[in-house]
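Participant: Let's see this in three dimensions:
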Amino acid sequence: MKEDYKQLKVDLILKNQIIKNLTDQLSLISKLKTKSLTEVMNTTSSTTNNGIKLAKNHYQLFQDLSRTLQEKTIELEETKSRLEAILVSLTVTNNSNNSSFIKQGQYDEQELSHKIISKIEGLTNENETLLKLISFGNKSSLLIELGLLKRENNSLKEKLQKYENSL
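Facilitator: Residues are numbered from 1 along each chain as shown. Purely as a prediction, here's the structure:
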């Protein structure tokens, strides 16, 4: 019986120690939990080890997503304009050898834009030359017409004078 008493006493002490340890751990966990909750409430966002920004409330999350959407939309528009420039330049240049436009497996935008600018400058010069020719042609035809009208006017004046002299 004495042994049973001692055994029960040791078991009680052991169980009390286990209960104390568990209580201490629970209080520590609850302190950490309240501490982390206050940190979450105080900060609007945190960064994970991957560099991903995690929002702590819905408003911040909405703002972050809106900002990201706006950035991606701008990037998409820039990409669309570059693609359009590449397609236009490929259709404008009627070279069968378009390999000069490719730089390391991608289209060289600067080369294509240079080709477009050169083509536009050539067309502009051609238009100016044609405009000068047309205006010179118009001027010449107007001078010829003016000369013919002056000759006709002079002949009519002579006829009028002859008619007046005959009366």
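
Participant: if I pick Lys6, what's in contact with it?
Facilitator: By C-beta atoms under 8 Å, 6 or more residues apart in numbering, the contact list for Lys6 is empty. (Each C-beta comes from the backbone N, C-alpha and C, glycine too.)

Participant: any idea how far Ile13 is from it?
Facilitator: Between Lys6 and Ile13 the computed distance is 11 Å (C-beta to C-beta, to the nearest Å).

Participant: How about Glu121?
Facilitator: Applying C-beta to C-beta to Glu121 and Ile13 gives a distance of 98 Å.

Participant: ditto for Glu109
Facilitator: From Glu109 over to Ile13 the distance is 81 Å, taken as C-beta to C-beta.

Participant: So those two - more neighbours on which side?
Facilitator: Each of Glu109 and Ile13 has its neighbours counted (other C-beta atoms under 10 Å); Glu109 has more, 15 against 10.

Participant: Contact partners for that one?
Facilitator: By C-beta under 8 Å, 6+ apart, Glu109 lies in contact with Arg82, Ala85, Ile86.

Participant: Export those residues to a markdown table and append columns for pLDDT, secondary structure and neighbour count.
Facilitator: Shown next, in a markdown table, are the contacts of Glu109 (pLDDT from 0 to 100; DSSP: H, G, I helix; E, B strand; the rest coil; neighbours: other C-beta atoms under 10 Å):
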| residue | pLDDT | secondary structure | neighbour count |
| --- | --- | --- | --- |
| Arg82 | 79 | helix | 14 |
| Ala85 | 74 | helix | 15 |
| Ile86 | 72 | helix | 17 |
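
Participant: Closest to Leu142 out of those?
Facilitator: Ala85 (43.5 Å; C-beta to C-beta).

Participant: does the closest one really touch His114, like I thought?
Facilitator: No. Under the criterion of C-beta atoms under 8 Å, Ala85 makes no contact with His114, lying 11.5 Å away.

Participant: Return the per-residue confidence for Asp24.
Facilitator: With respect to pLDDT, Asp24 scores 84.

Participant: for Gly147, same thing?
Facilitator: Reported pLDDT for Gly147: 89.

Participant: That one and Asn153: what is the separation?
Facilitator: Counting by C-beta to C-beta, the gap from Gly147 to Asn153 is 11 Å.

Participant: Could you do Tyr5 as well?
Facilitator: Distance, Tyr5 to Asn153, by C-beta to C-beta: 151 Å.

Participant: Show me what whichever helix or strand Lys72 is part of is packed up against.
Facilitator: Using DSSP states H and E, Lys72 falls within helix 58-92. For helix 58-92, the packing partners by 3 or more C-beta pairs under 8 Å, 6 or more residues apart in numbering; DSSP states H and E come out as strand 53-55, helix 109-166.
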